[in-house]
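[1] Show me the folded form of this:
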Amino acid sequence: MAPSAIAESALSHMAVKDKKQVLLNGRSVTGEEKEPTPLEAISHGVVMQGVPTFPTFSEHRRHALVHMAAIFRFLARTGCTEGQSGHISVRDPEFPGLMWMNPLGRHFGMLSAGDMICLEIATGRVAGGNTSRPANAAGYLIHSAIHKRRPDDVHAVCHAHTVAGRAWSAFGRPLEMLTQDVCNFYGDALAVYAEYGGIVFGAEEGERIAGALGARGKGAVLMNHGLLTVGRTVDEAGFLFGLLDRSCDIQLRVEAAAANGNIPKRVISDEEAAYNFRMASEPHALYCEAQPDVEYEFEMAGGEEMLARGFESLSPTVP
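    Numbering: from 1, shown residues only. Predicted coordinates for the structure are as follows:
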């Protein structure tokens with residue numbers, strides 16, 4: 001089945017729209033004309049297609065778990081691993097009370113769809129998948145709290161302990177809008193959990209992290225801990241995770257360069273940051289942003305089928 005189209009435009013800020021012109025298929029579009037969707041605005045010629053739809057739940061599940069494996073391999077390739085730490089969860093498309101997670105102790109760069117474990121979000125019950133390894137208990141407590149709090153718009157959660165993310169988290173501060181790209185986290189899209197309750201072995205800490213993320217957060221800086229992102233697809237959450245980690249690295253470099261006070265920082269204005277957010281931080285656009293890295297991982301693995309290994313043996317069970 002062909003990918004679905006974007007239902008509505010993400011560009012609605014009239015003050016910004018009147019100020020700017022957007023290129024749509026090679027021509028300039030002003031505020032008086034029909035507003036382009038983000039993918040229409042960025043596409044010159046054939047419009048990019050966004051999040052796909054599927055005729056069966058099985059096909060949807062396969063797509064999600066194969067792309068989940070690709071995002072794990074992308075995180076491994078970019079140095080986002082630390083022993084057994086880090087996890088991604090994806091809500092099952094057929095049974096929304098279930099989520100898929102990676103097994104404890106298997107390297108991100110080795111994961112395929114057949115490695116994933118299915119857990120019941122409400123209870124932690126192992127509900128299928130590959131049960132040869134355990135799930136990560138701390139990961140379950142964090143991810144389940146977020147999935148329970150945001151059932152409608154969060155279908156994937158990424159968390160890992162990266163170098164830049166942990167370094168910036170020590171300040172317990174949000175990122176500044178220093179670049180065009182970090183505007184994906186403008187305003188309440190980026191939360192800061194400015195507490196540290198130790199390794200998450202209790203439900204309370206997971207609930208506090210979910211509470212800090214709030215109703216609209218796309219990412220969170222967890223003080224003295226690491227980074228976390230969410231999305232409607234694992235592709236969106238994965239792209240945002242890489243972006244958040246790189247943005248922490250950029251902020252650290254800018255802070256170091258500006259430390260002597262002789263080089264002033266130039267922060268993007270609220271108006272411009274809001275415009276960038278509306279045009280870029282939309283589920284279909286963010287899904288497309290992830291596809292170059294996903295396709296690269298397919299190529300490096302020897303084809304998409306390599307990341308689908310073991311999928312046919314997976315089956316979630318409901319009580």
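
[2] Please tell me how far stretch 237-245 is from the chain's geometric centre.
    Put simply, stretch 237-245 sits 5 Å off its chain's centre (CA atoms, centre = their mean, to the nearest Å).

[3] I'd like the average pLDDT over it.
    For stretch 237-245, the mean per-residue pLDDT is 98.

[4] Can you tell me what sits against that stretch?
    With contact meaning CB atoms under 8 Å, 6 or more residues apart in numbering, stretch 237-245 is reached by 67, 71, 74-75, 78, 80, 88, 156-158, 160, 162, 164-165, 175, 181-182, 184-185, 190, 218-219, 221, 227-231, 286, 289-290, 293. Yep, even glycine has a C-beta here, placed from its N, CA and C like the rest.

[5] can you map out the helices along the chain?
    Along the chain, counting by DSSP state H, helices occupy 14-19, 38-42, 57-77, 137-149, 163-169, 203-213, 234-258, 270-280, 283-301, 304-307.

[6] Make a markdown table from the ones you listed and add mean neighbour count and distance to P319 to it.
    Putting those into a markdown table (neighbours: other CB atoms under 10 Å; distance: least, CB to CB, whole Å) gives the following:
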| stretch | mean neighbour count | distance to P319 |
| --- | --- | --- |
| helix 14-19 | 13 | 49 |
| helix 38-42 | 20 | 40 |
| helix 57-77 | 22 | 18 |
| helix 137-149 | 22 | 16 |
| helix 163-169 | 20 | 37 |
| helix 203-213 | 19 | 20 |
| helix 234-258 | 21 | 25 |
| helix 270-280 | 18 | 41 |
| helix 283-301 | 19 | 31 |
| helix 304-307 | 17 | 30 |
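
[7] Turn these into JSON lines, including distance to Q84.
    As requested, the helices of the chain are exported to JSON lines (distance: least, CB to CB, whole Å):
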{"stretch": "helix 14-19", "distance to Q84": "45"}
{"stretch": "helix 38-42", "distance to Q84": "37"}
{"stretch": "helix 57-77", "distance to Q84": "13"}
{"stretch": "helix 137-149", "distance to Q84": "10"}
{"stretch": "helix 163-169", "distance to Q84": "16"}
{"stretch": "helix 203-213", "distance to Q84": "18"}
{"stretch": "helix 234-258", "distance to Q84": "18"}
{"stretch": "helix 270-280", "distance to Q84": "34"}
{"stretch": "helix 283-301", "distance to Q84": "21"}
{"stretch": "helix 304-307", "distance to Q84": "21"}
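
[8] who wins for proximity to L111 among those?
    Nearest to L111 among the helices of the chain is helix 57-77 (4.5 Å), distances taken as CB to CB.

[9] Give me the mean pLDDT for that closest one.
    98.
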